[in-house]
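Asks: The sequence and its predicted three-dimensional model are supplied below.
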Amino acid sequence: MSTTREKKPRTNHLELARRIIEHAQENGMEAGDALSEQQLARTFQVSRTLIRAGLNLLLEQQLAEHQAGRGYYLSADPANQALSPALPQAAEEQMAASVLRDRMAGRLGNSINASEIMRRYDIGRPAAQKVLSQLTEDQVLERGPGQSWLFRPLLNNLSALEDSLRYRMLLEPEALLSPDFEADRQRLSLLRSGTQNLLNQPIEAFDIEQFRELDISFHELIAQSCGNRFICDALLHHQRLRRLPNLLPMVSVHRLQEALREHLRIIEAIERGQMEIAADLMRLHLRLSAAQRPQTANRGIPRA
């Protein structure tokens, strides 16, 4: 008896759904506010058909509703979505995650090609090409000789984690000291409220995934606010690498809570315009994070 495979949404539809929620957050929208297809299409410079696909994904996740004559509107407060709605993975994202897990577990070598992906994961060539594109976009792969693709360094061992933190210690304080640094106050406010909400949770209910999203969103905001395109690009590239599976869940929850408090102190310094203090607090934050890393290394591989 054959089973019907669950249909996965397309990556561009998921990305639009996420951008719609971020747009709602940045504009202070609340539950009940209208989501105009025409306005969103103009804002994101895409067709209304694509916007409708993104809105339908929000319907499925109960973040939006639709009524005849009224159109689409928010059914949940976007400020409570931890800066990113809980949307499903696209098919190629799910398969790319399987390739990444196998690489981190040592089941794959330093290179891969479409034929190997087809054999190993029992998929066709078009799907394999989409997986390669997804992993390249995620900075996991780079083009190698012939038909091969080479795996880039990952944050999957102690040495890589130490190198990552040293790299960030060089650039992130400098980003804060950039003469053109200017942070979006509304995004800072969203980060603060999301951080405080997570800190208010009892330790046994601490959400690691929500921490990761808040943590990376905080450091992405620092990069995007610095006003220096080269520092911004370098830091955003590195934050994308941090979004991949890593050893973060092995870190003590007490340390993660303290890291959130450090974020709040940096946000307060930025809002007061005390950028030297913000830079010093960032250096301390990264050094304290580095001090916790040795006990997390080589203690597990992401599950299949």
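Replies: Nice, I can see it. Residues are numbered from 1 along each chain as shown.

Asks: which strands and helices sit next to the least confident helix or strand in the chain by mean pLDDT?
Replies: The weakest-scoring helix or strand in the chain, judged by mean pLDDT, DSSP states H and E, is helix 11-26 (a mean of 78). Secondary-structure packing of helix 11-26 (3 or more Cβ pairs under 8 Å, 6 or more residues apart in numbering; DSSP states H and E): helix 37-44, helix 48-60, helix 91-104, helix 185-199. From N, CA and C alone the C-beta is placed, and that goes for glycine too.

Asks: Would you convert those into TSV that also reports mean pLDDT, distance to residue 239 and mean neighbour count?
Replies: Output for the helices and strands packed on helix 11-26, formatted as TSV (pLDDT from 0 to 100; distance: least, Cβ to Cβ, whole Å; neighbours: other Cβ atoms under 10 Å):
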stretch	mean pLDDT	distance to residue 239	mean neighbour count
helix 37-44	87	22	15
helix 48-60	86	23	19
helix 91-104	81	17	20
helix 185-199	89	14	17
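
Asks: can you tell which of those helices is closest to residue 167?
Replies: helix 91-104 (19.9 Å; Cβ to Cβ).

Asks: which helices and strands sit right next to the helix or strand that comes right after that closest one?
Replies: As assigned by DSSP states H and E, the chain's next helix or strand after helix 91-104 is strand 111-112. The contact analysis (3+ Cβ pairs under 8 Å, 6+ apart) places strand 111-112 against strand 149-151.

Asks: centre of the chain versus the helix or strand that comes right after the strand it packs on, how much separation?
Replies: Sequence-wise, the next helix or strand beyond strand 149-151 is helix 158-177, with elements assigned using DSSP H and E. Relative to its chain's centre, helix 158-177 lies at 18 Å (Cα atoms, centre = their mean, to the nearest Å).

Asks: who touches residue 95 in this structure?
Replies: Contact analysis of residue 95 by Cβ atoms under 8 Å, 6 or more residues apart in numbering lists 121, 123, 127, 130-131, 134.

Asks: Serialize the helices and strands packed on helix 11-26 to a markdown table and add fields for distance to residue 274.
Replies: Shown next, in a markdown table, are the helices and strands packed on helix 11-26 (distance: least, Cβ to Cβ, whole Å):
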| stretch | distance to residue 274 |
| --- | --- |
| helix 37-44 | 34 |
| helix 48-60 | 39 |
| helix 91-104 | 40 |
| helix 185-199 | 14 |
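
Asks: closest to residue 260 out of those?
Replies: Per Cβ to Cβ, nearest to residue 260 of the helices and strands packed on helix 11-26: helix 185-199, 5.0 Å.

Asks: quick one: that closest one to helix 11-26, angle?
Replies: Relative orientation of helix 185-199 and helix 11-26, computed by axes from the mean of the first three to the mean of the last three Cα atoms, to 10 degrees: 100 degrees.

Asks: Any figure for the gap between the residue lying closest to residue 108 once chain neighbours are set aside and residue 168?
Replies: Spatial nearest neighbour of residue 108, excluding adjacent residues (Cβ to Cβ, 6 or more residues apart in numbering): residue 102 at 4.9 Å. According to Cβ to Cβ, to the nearest Å, residue 102 and residue 168 sit 28 Å apart.

Asks: what about the nearest residue to residue 144 once chain neighbours are set aside, how many residues close to it?
Replies: Leaving aside its chain neighbours, residue 144 sits nearest to residue 150 (4.1 Å; criterion: Cβ to Cβ, 6+ apart). Residues within reach of residue 150, counting by other Cβ atoms under 10 Å, total 14.

Asks: Could you give the separation of the next helix or strand after the least confident helix or strand of the chain from the chain centroid?
Replies: Next in sequence after helix 11-26, counting helices and strands by DSSP H and E, comes strand 34-35. Mean-position distance between strand 34-35 and its chain equals 25 Å (Cα atoms, centre = their mean).
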